[in-house]
Every structure is written in structure tokens, then in C-alpha cells.
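[1] sequence-free structure coming up:
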């Protein structure tokens, strides 16, 4: 068994993803985030509104140090999607051992890579990492005005949680998010 196989999904080893692109099958890697990636990811949101919908921050542009600081939480595992040695996506897994669940968060695709299905590829890669780590319940929250992201996540197999559960979770939130659960894991909202 290789060192990568033995070390588990939170290792520094790449997670290989195969995806169909217009030019045939493309191989992508889902890699652990490194501080060196922060400046690139910080440049992806193109408007203040996009920043709010992506990460809830009010500051535009988002400073690279903010993205690096997100990594300080032991329960956060960030990844980048790399295609042909270019960063094309970023997303996080937020682990909640107390609730025995994981939330996919802060998903963003580079502006020049949008509209090609890479958001869905990134989400499915993050889902695979969560499931490989043994997490069954996987959730997401989406800003209610982010229709593009919502279509992406629904296409990746997520479904809305029960309205009463969404209402409960939104009680402490700054906006009424659309809360989603991965459909394969639906179990009595």
C-alpha cells in the first residue's frame, strides 16, 4: 500500500478526478489548500455581491490573508481543484464531530473556468473526500440569490432539507440560506 493510500483522505496526497470535457476526458486533481493558493483564490470573486454570496464577507476584494486565516480552524479542510496545473476551483469541508456531519462550504470556481461544469466536479470531489473519511451526512448552505450555485448543487445530487429544519438553522444566520443535504444521505429531516 502506498503512503498516500495509507494516510487517509486528509493527507497531502492528491485526489484524482476524471471528468468529461468538451475536448475529451480531462484529469483533474483535488489537492489540499496551501497558503500559496490564497492570493489566486482571493482574486476570483469579481464583485462585492459575489463575495457576499460566496463567503458572507463584506470586504471586497477579499484579502488573501482572510482565506489563509480560514485554514486555522482544525475542523476546516480546504481543497483546490487543479486542471492542467492551473487552479480552477476552491472549496472547504467543515467537520462537525458533535453532530456527526460535514458541510461543504465556500465553493468557488475561477471566472475563466465557469460554465464548464467544474463546480459540479469540485462538489463531487469534496463529497467523495467526506464519504471516504466516513462522514455520511453532508450538507450545504447557499445564499438565496445565488441561483447558479443552487443549480450546480442540485445537479450534484443535493436536495433541500425540510422547511422546518431550514427555518431552525437559519434562526442564527444573517440571511435565510437555502439548506441542502446530499440526496444519497436523506434520512428523516
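    Sure thing, it's come through. Note that the coordinates shown come from a computational prediction; the quantities given were computed from them, not determined experimentally.
[2] can you pull out the helices in this protein?
    Remark: helices assigned in the chain by DSSP state H are 3-7, 38-42, 48-55, 64-70, 118-132, 147-155, 163-170.
[3] deepest of these, which one?
    helix 118-132 (a mean of 21; mean count of other Cβ atoms under 10 Å). Glycine gets a C-beta too; all of them are placed from N, C-alpha and C.
[4] just to revisit the earlier point, which one, of the helices of the chain, ends up nearest to residue 178?
    Closest to residue 178 of these, according to Cβ to Cβ: helix 147-155, at 6.1 Å.
[5] got the contact list for the closest one?
    Helix 147-155 is contacted by residues 53, 107, 119-120, 123, 140, 142-143, 178, 180 when judged by Cβ atoms under 8 Å, 6 or more residues apart in numbering.
[6] pLDDT of that helix, averaged?
    The average pLDDT within helix 147-155 is 96.
[7] with stretch 102-117 instead?
    Average pLDDT, stretch 102-117: 97.
[8] how far off centre is it?
    Chain-centre distance of stretch 102-117: 7 Å, with Cα atoms, centre = their mean, to the nearest Å.
[9] how about stretch 137-154?
    From the chain centre to the centre of stretch 137-154 is a distance of 10 Å (Cα atoms, centre = their mean).
[10] start to end distance for it?
    Start to finish, the residues bounding stretch 137-154 are 16 Å apart (Cα to Cα, to the nearest Å).
[11] which strand runs longest in this protein?
    As assigned by DSSP state E, the longest strand anywhere in the chain is strand 86-96.
[12] can you list the strands that it pairs with?
    Counting by DSSP bridges, the strands paired with strand 86-96 are strand 76-83 (antiparallel), strand 101-109 (antiparallel).
[13] okay if I get these as a markdown table plus distance to residue 28 and mean neighbour count?
    As requested, those are arranged in a markdown table below (distance: least, Cβ to Cβ, whole Å; neighbours: other Cβ atoms under 10 Å):
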| stretch | distance to residue 28 | mean neighbour count |
| --- | --- | --- |
| strand 76-83 | 5 | 21 |
| strand 101-109 | 12 | 22 |
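[14] any chance of the ones you listed in CSV, plus distance to residue 173?
    Formatted as CSV, the strands paired with strand 86-96 follow (distance: least, Cβ to Cβ, whole Å):
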stretch, distance to residue 173
strand 76-83, 18
strand 101-109, 13
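[15] nearest to residue 89 among those would be which one?
    Minimum separation from residue 89 across the strands paired with strand 86-96 (Cβ to Cβ) falls at strand 76-83, 3.4 Å.
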